[in-house]
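1. Structure for the following, please:
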Amino acid sequence: MELPQTEFVKYMEDIHDPFIVLIACILSLRTNDRTTYPAAMRMLELGKTPKDFLNVKLEDLEKAVYPVGFYKNKAKQILDIANELYYKHNSIVPKEIDELVKFKGVGRKTANLVQSKGYGLPSICVDVHVHRISNRLGLCKTKEPEETEFALKNNLPKRCWSEINTLFVTLGQNVCKPSKPCCDKCKLNNYCKYFNDNNK
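-> Next comes the predicted model:
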């Protein structure tokens, strides 16, 4: 069964510039992919490097990224990060998660995605889909996404880390949904703790 991917998921698969991965991920937080994708395209018309964004007015960026959730806060955050990268990091996005999370509003999910997609390093980006599906499958037993990240890193070989997010996001959007998972359509149900516990 081939699962459909949103345009934004497809787009992120092809992007390997750490700065673009970073700011696109910031836009996507708490916003569905169908809204994020066109907003990201409009944003990138204004700039694609930290230096580009030094000349972008806040109101212009707000207009470009609207109607993503918290668009005013995100626009300011992106401009602040671009400024900090340009003046303090020579426009180079850090590779290290501990350094990435020092930027205001950047959490471990975003930092892991930058490390994985931007730098090609093994890393596990845990969002609500990865957290939910990992627990349903029985790969871990955790309450918070950060716990899931560390549990998966302990339980899975590194060669699998970077693919987890794309695979589980697509599965979570189309099959393993939060309230009504379509277990009968899932090819993983034979290996799934949730499915087997509920079909004894």
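
2. Could you list the buried residues of stretch 78-90?
-> Burial within stretch 78-90, assessed by neighbour count using 16 or more other CB atoms under 10 Å, is assigned to 78-79, 81-82, 85-86. For every residue, glycine as well, the C-beta is placed using N, CA and C.

3. residues in contact with it?
-> 19, 22-23, 26-27, 43, 47, 50-54, 56, 58, 61, 91-93, 103-104, 106 (CB atoms under 8 Å, 6 or more residues apart in numbering).

4. One more pass at 10 Å, please.
-> Stretch 78-90 has contacts (CB atoms under 10 Å, 6 or more residues apart in numbering) with 18-19, 22-24, 26-27, 43, 46-47, 49-54, 56-58, 61-62, 65, 91-94, 99, 102-106.

5. Looking at those, which are in helices?
-> 18-19, 22-24, 26-27, 43, 46, 50-53, 58, 61-62, 65, 99 (DSSP state H).

6. Buried among these? Need that as a selection in ChimeraX.
-> Buried residues within the ones in helices among the contacts of stretch 78-90, by 16+ other CB under 10 Å, are selected in ChimeraX with:
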select :18,19,22,23,24,26,27,43,46,50,53,61,62,65
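
7. This protein: helices as residue ranges?
-> So, for the chain - with DSSP H - the helices run 7-14, 18-28, 33-46, 50-53, 58-65, 71-88, 97-100, 108-113, 119, 128-137, 145-155, 158-174, 193-197.

8. quick check: mean pLDDT across the third one?
-> Computed over helix 33-46, the mean pLDDT rounds to 92.

9. Now do that helix: which elements does it pack against?
-> helix 7-14, helix 18-28, helix 50-53, helix 58-65, helix 71-88 (3 or more CB pairs under 10 Å, 6 or more residues apart in numbering; DSSP states H and E).

10. For residue 196, find the nearest of these.
-> Nearest to residue 196, of all the helices and strands packed on helix 33-46, is helix 7-14, at 28.6 Å by CB to CB.

11. Adding distance to residue 186, write the helices of the chain out as a markdown table.
-> Below are the helices of the chain laid out as a markdown table (distance: least, CB to CB, whole Å):
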| stretch | distance to residue 186 |
| --- | --- |
| helix 7-14 | 19 |
| helix 18-28 | 25 |
| helix 33-46 | 21 |
| helix 50-53 | 42 |
| helix 58-65 | 35 |
| helix 71-88 | 34 |
| helix 97-100 | 31 |
| helix 108-113 | 24 |
| helix 119 | 32 |
| helix 128-137 | 10 |
| helix 145-155 | 19 |
| helix 158-174 | 8 |
| helix 193-197 | 7 |
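
12. Out of those, name the one with the poorest average pLDDT.
-> Ranked on mean pLDDT, the bottom entry among the helices of the chain is helix 7-14, at a mean of 68.

13. picking that back up, just send the buried residues of stretch 78-90 back as a markdown table, with distance to residue 192 too.
-> Below are the buried residues of stretch 78-90 laid out as a markdown table (distance: CB to CB, whole Å):
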| residue | distance to residue 192 |
| --- | --- |
| 78 | 38 |
| 79 | 44 |
| 81 | 39 |
| 82 | 43 |
| 85 | 42 |
| 86 | 47 |
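
14. Widest-spaced pair of the residues you listed?
-> Going by CB to CB, the pair spanning these furthest: 78 and 86, at 12.5 Å.
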